[in-house]
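Peer 1: quick check, what structure comes out for this input:
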Amino acid sequence: MLAATPLVRHFLDRTHGSGGDVAFRYKDLGIWQDVTWSVYRRCVERFALGLSALGVKRGDRVAIMADVRPEWLYADVAVQSLGALTVGVYPTAPPAELAHVLADSGSRAFIAGDQEAVDHLAEAGYGALEHVVVIDARGVEGYEDVCISSYADVENVGDAAANRDGTGWEQIASQAGPDDAVGVFYTVGSTGPPKGVVLSSRNLVLSWAASVTSARSSMRAERTVSHLPLAYVAERQLIVHDPILHGSIAHLPEDAETARQAIIEVRPTLAIGPPGEWAAAARQVAVGMERSGRLERAVYRLGMRARRRDVNRRWHGANPSPPSRLASWAAYWVVCRPVLDKFGYSRLDRVFAVGAPLPTEVAERWELWGVRLVEAYLLTEAAGIVALQRSPTSPPGAPLDVLAGIEARAAPDGELLLRGPNLFEAYRGPGRAVDEEGWFATGDEAELMADGCLRVRDRKGDVMEIGGHRVSANDVEVVLRSSPFIREAVACGDGRDQVSALVEVDVRATAEWARGRGITFSSYGGLVANASVQQLVGEEIVRLNTVLAERALPPVAAHRPFPHQLDPAAGDEVTATRTIKRHSITRKYMALIDDMYATAAAGPAGRAGGGRG
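Peer 2: Prediction:
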């Protein structure tokens with residue numbers, strides 16, 4: 001059983017049995033570089049022995065704040081091999097959040113990616129830190145109030161220790177047990193300060209094995225591309241743990257800005273991430289089709305009709321007829337495959353959409369193009385995925401299957417309770433953990449079906465009272481985000497008679513639309529202030545209100561664009577994975593929300609400025 005063996009032991013076994021095989025690839029100066037398992041092991045050993053020489057020992061916490069790069073992987077496994085715990089910090093974390101994570105975790109050492117991370121640390125305060133290790137140490141020579149070492153210096157110390165002690169490191173690493181804590185994973189903090197979730201090797205391996213591993217359609221070595229911070233539990237599982245457990249090959253882009261190009265070059269076979277990126281790509285295709293020629297649009301629509309007939313039959317459990325299969329096959333190669341090639345998704349077997357509700361329209365669009373988006377419910381406290389759409393023929397929007405080994409029930413107030421061996425045991429700081437019987441209260445409202453399937457509604461605190469009725473803010477927002485011109489939406493109106501919304505206009509799609517009509521602008525603010533763009537967004541809201549009505553949801557009576565693009569670095573709008581901080585946003589933009597309702601109450605005269613839906 002995979003979970004009975006600790007992750008670091010799996011790592012050693014992989015390096016012994018597959019030393020010459022490629023472990024991962026990283027891009028440097030535009031060229032992909034191979035790292036074999038033997039080299040991976042040597043880099044881990046050097047850094048682990050160097051950390052040990054600095055005094056890092058079993059039970060210590062070591063924080064890492066860096067973009068995705070090889071040293072992140074080496075450091076993570078090195079820390080685990082010493083019996084210490086890795087504390088991932090999101091690279092976009094503002095100083096206040098960094099200070100909270102360091103204090104809450106009690107980290108003794110801090111690994112910084114570069115000078116920018118050290119600057120953040122200096123502003124946050126060093127707290128109980130005893131050592132700071134900088135991967136790219138250029139520009140940090142002026143810091144004298146903390147013990148700073150370069151990553152290379154720590155490796156050199158490790159080299160000296162290895163030459164002295166021989167195989168001492170592997171003996172230390174072999175002491176690891178499956179129930180040893182290996183990391184403190186912080187929640188994204190969408191409803192308050194991030195909570196530190198302590199996870200063991202067993203937690204992580206069980207979660208991955210029950211979800212992604214069991215859903216594999218073949219035993220081939222997967223190709224993946226890192227495009228999310230490694231502080232996120234799903235990304236760490238995909239990029240660090242899956243190669244160790246199953247031999248997949250991760251690809252690390254040079255930086256976040258080049259991740260899209262890396263995906264096109266690598267053509268991954270497995271991906272996991274928030275629905276927003278798939279919605280954004282779908283919006284891009286929709287706008288591109290609008291700007292294409294008449295013949296191209298006609299061929300596309302004809303192909304989509306053929307694909308829809310075929311896919312609809314499969315969703316309803318019927319076998320497509322031979323003519324239908326042939327038409328669908330032709331449509332795939334003529335219409336869909338070029339779309340997938342454009343984004344680098346033509347080899348994807350399946351995608352796990354986690355972290356937010358998946359709009360049904362987005363899932364349908366990608367399935368028609370030939371990529372299955374598997375909606376999944378993920379919790380940091382459960383080391384990853386808790387429930388997912390397991391059947392390859394279930395239609396988008398279908399309830400989720402709770403994974404084997406996990407028990408689920410609803411509390412009297414509708415809150416989802418979970419129990420299982422992959423669930424954590426405690427938070428680092430104050431906060432609710434599992435009760436005496438092992439049940440964890442998730443904070444999410446959910447509906448449990450008679451067959452054991454699950455449908456998550458919303459966070460308990462995000463269900464609004466609108467005109468005496470309970471309305472899920474998430475349900476409204478999912479519909480609004482299905483527009484090709486709306487990247488993000490925040491539903492408002494708790495305690496009022498009508499729903500309103502703050503919307504973030506999708507810059508790429510809306511800019512394409514605007515340029516096609518000769519509209520010029522120089523910034524996001526200029527784009528959303530344009531009268532034609534305001535009319536476009538207003539018409540989209542009117543169109544989507546019909547969808548809301550079909551789902552028995554109230555219409556959006558008024559809307560306003562955010563004055564700027566939402567930025568994780570702001571700290572109070574969206575998380576590093578772009579989950580909205582709804583209550584924080586509501587407080588921050590209360591004056592705008594009040595004005596929106598006042599304008600709506602004024603009737604048609606208040607429409608100047610694009611505020612009415």
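
Peer 1: I figured residue 444 hits residue 416, correct?
Peer 2: Yes. Judged on Cβ atoms under 8 Å, residue 444 makes contact with residue 416 at a distance of 4.9 Å. Heads up, the C-betas are built off the backbone N, CA and C, glycines and all.

Peer 1: which of those two has more neighbours?
Peer 2: Taking other Cβ atoms under 10 Å, residue 444 and residue 416 do not tie; residue 416 has more neighbours (25 against 20).

Peer 1: helices along the stretch 101-250 of the chain, start to end?
Peer 2: Assigned by DSSP state H, counting those that start in this stretch, the stretch 101-250 of the chain shows helices spanning 115-124, 151-165, 168-173, 201-208, 233-236, 242-246.

Peer 1: what helix or strand is the nearest residue to residue 563 once chain neighbours are set aside on?
Peer 2: Leaving out its chain neighbours, the residue that sits closest to residue 563 by Cβ to Cβ, 6 or more residues apart in numbering is residue 525, at 6.5 Å. Taking DSSP states H and E as the criterion, residue 525 maps to helix 524-529.

Peer 1: for that helix, C-alpha coordinates in PDB please.
Peer 2: C-alpha atoms of helix 524-529 as PDB (Å, rounded to 0.1, in the frame of the first residue of the first chain):
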ATOM      1  CA  TYR A 524      -8.300  48.800 -17.600                       C
ATOM      2  CA  GLY A 525      -9.900  51.900 -16.300                       C
ATOM      3  CA  GLY A 526     -10.200  53.400 -19.700                       C
ATOM      4  CA  LEU A 527     -11.700  50.100 -21.100                       C
ATOM      5  CA  VAL A 528     -14.400  49.800 -18.500                       C
ATOM      6  CA  ALA A 529     -15.300  53.500 -18.700                       C
END
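
Peer 1: which parts of that helix are buried?
Peer 2: 524, 527, 528 (16 or more other Cβ atoms under 10 Å).

Peer 1: next: stretch 179-193.
Peer 2: Here stretch 179-193 shows 180, 181, 182, 183, 184, 185, 186, 187, 188, 189, 190, 191 as buried, counting by 16+ other Cβ under 10 Å.

Peer 1: I'd like the residues you listed as a markdown table, with pLDDT and distance to residue 96 appended.
Peer 2: Below are these laid out as a markdown table (pLDDT from 0 to 100; distance: Cβ to Cβ, whole Å):
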| residue | pLDDT | distance to residue 96 |
| --- | --- | --- |
| 180 | 95 | 31 |
| 181 | 95 | 26 |
| 182 | 97 | 27 |
| 183 | 97 | 22 |
| 184 | 97 | 18 |
| 185 | 96 | 20 |
| 186 | 94 | 14 |
| 187 | 89 | 16 |
| 188 | 81 | 15 |
| 189 | 77 | 11 |
| 190 | 72 | 16 |
| 191 | 71 | 16 |
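
Peer 1: what about residue 477, how many residues nearby?
Peer 2: Residue 477, neighbours per other Cβ under 10 Å, totals 24.

Peer 1: need the three-state assignment for the nearest residue to it once chain neighbours are set aside.
Peer 2: Closest residue to residue 477 apart from its sequence neighbours, by Cβ to Cβ, 6+ apart: residue 489 at 4.7 Å. Recorded secondary structure, residue 489: strand (DSSP: H, G, I helix; E, B strand; the rest coil).

Peer 1: distance of residue 489 relative to residue 502?
Peer 2: 7 Å (Cβ to Cβ, to the nearest Å).

Peer 1: return the closest of the buried residues of stretch 179-193 with respect to residue 228.
Peer 2: residue 188 (11.0 Å; Cβ to Cβ).

Peer 1: test my guess that that closest one contacts residue 575.
Peer 2: Yes. Between residue 188 and residue 575 there is a contact at 3.7 Å, judged by Cβ under 8 Å.

Peer 1: quick revisit: can you list residues touching both of residue 444 and residue 416?
Peer 2: residue 456 (Cβ atoms under 8 Å, 6 or more residues apart in numbering).

Peer 1: tell me which stretches of the stretch 501-613 of the chain form strands.
Peer 2: 556-561 (DSSP state E, counting those that start in this stretch).

Peer 1: for the residue nearest to residue 477, which residues are in contact?
Peer 2: Per Cβ under 8 Å, 6+ apart, neighbours of residue 489: 476, 477, 480, 481, 501, 502, 503, 504.

Peer 1: on that earlier part again, need the helices of the stretch 101-250 of the chain in TSV (columns: mean pLDDT and distance to residue 370).
Peer 2: TSV is the format used below for the helices of the stretch 101-250 of the chain (pLDDT from 0 to 100; distance: least, Cβ to Cβ, whole Å):
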stretch	mean pLDDT	distance to residue 370
helix 115-124	93	40
helix 151-165	89	42
helix 168-173	89	43
helix 201-208	94	26
helix 233-236	95	23
helix 242-246	94	23
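
Peer 1: dump these to TSV, plus mean neighbour count and distance to residue 497.
Peer 2: As requested, these are exported to TSV (neighbours: other Cβ atoms under 10 Å; distance: least, Cβ to Cβ, whole Å):
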stretch	mean neighbour count	distance to residue 497
helix 115-124	19	43
helix 151-165	17	58
helix 168-173	17	62
helix 201-208	26	43
helix 233-236	25	39
helix 242-246	22	49
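
Peer 1: residue 328 touches residue 307, doesn't it?
Peer 2: Yes. If you go by Cβ under 8 Å, residue 328 and residue 307 touch, sitting 5.4 Å apart.

Peer 1: I figured residue 528 hits residue 507, correct?
Peer 2: No. Using Cβ under 8 Å, residue 528 makes no contact with residue 507, being 9.3 Å away.

Peer 1: the helix holding residue 525 - contacts with which helices or strands?
Peer 2: Counting contacts by 3 or more Cβ pairs under 8 Å, 6 or more residues apart in numbering; DSSP states H and E, helix 524-529 packs against strand 499-505, helix 507-515, helix 531-550.

Peer 1: which stretch in those has the least confidence?
Peer 2: Across the helices and strands packed on helix 524-529, helix 507-515 has the smallest mean pLDDT, namely a mean of 89.

Peer 1: and the angle for that one with helix 531-550?
Peer 2: 120 degrees (axes from the mean of the first three to the mean of the last three Cα atoms, to 10 degrees).

Peer 1: helices or strands up against helix 507-515?
Peer 2: Against helix 507-515 (3+ Cβ pairs under 8 Å, 6+ apart) you get helix 275-291, helix 524-529, helix 531-550.
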